[in-house]
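Q: Here is my input; please provide its structure:
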Amino acid sequence: MEDNKRIENAEETTQSLKGGSSFREKLRRDNSWIGLLIGLGCPAVIFGILSGLLAIIENYTGKIDVINIQKIILLSIIPNLFILRYTLVKLKHDLTGRGIMGATLVIAFIFIILEFWA
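A: The predicted structure follows:
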């Protein structure tokens, strides 16, 4: 009986080491660390895209004084609101939503520091 349990545990471990569940399935779990990863990753990608677009535009037109780094940070947070709503309302993943909200608060705190103390 114990040998069967050991064999089953070994098979489960082997499957998890092989990547038995896909990356998409791991993202669908209700986990606050995954929410934190999504909540920091999405704004980072948006921030990179907006910064790149700003650099290209400034290359052709010259320095734009109206747009600064703080405004780009605020714009990069906006997709988190839609992701947070989808996570909480459609998927009903409270822990993932907490992770996304925590990441959003961290980014907002960075904005406040840059805006008022830098």
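Q: Could you give the average pLDDT over the helix or strand hosting Ser51?
A: Ser51 belongs to helix 32-61 when assigned by DSSP states H and E. Helix 32-61 comes out with an average pLDDT of 95.
Q: name the helices or strands packed onto it?
A: Contacts defined by 3 or more Cβ pairs under 8 Å, 6 or more residues apart in numbering; DSSP states H and E place helix 32-61 against helix 23-27, helix 69-85, helix 94-116. (Each C-beta comes from the backbone N, C-alpha and C, glycine too.)
Q: Pull out the buried residues from it.
A: The neighbour-count check on helix 32-61 (16 or more other Cβ atoms under 10 Å) flags 32, 34-40, 42-43, 46-47, 50, 54 as buried.
Q: ok, back up a step: would you list the helices and strands packed on helix 32-61 in CSV and tack on mean pLDDT?
A: Formatted as CSV, the helices and strands packed on helix 32-61 follow (pLDDT from 0 to 100):
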stretch, mean pLDDT
helix 23-27, 77
helix 69-85, 95
helix 94-116, 95
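Q: Dump those helices to JSON lines, plus distance to Thr61 and mean neighbour count.
A: As requested, the helices and strands packed on helix 32-61 are exported to JSON lines (distance: least, Cβ to Cβ, whole Å; neighbours: other Cβ atoms under 10 Å):
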{"stretch": "helix 23-27", "distance to Thr61": "39", "mean neighbour count": "10"}
{"stretch": "helix 69-85", "distance to Thr61": "17", "mean neighbour count": "16"}
{"stretch": "helix 94-116", "distance to Thr61": "24", "mean neighbour count": "17"}
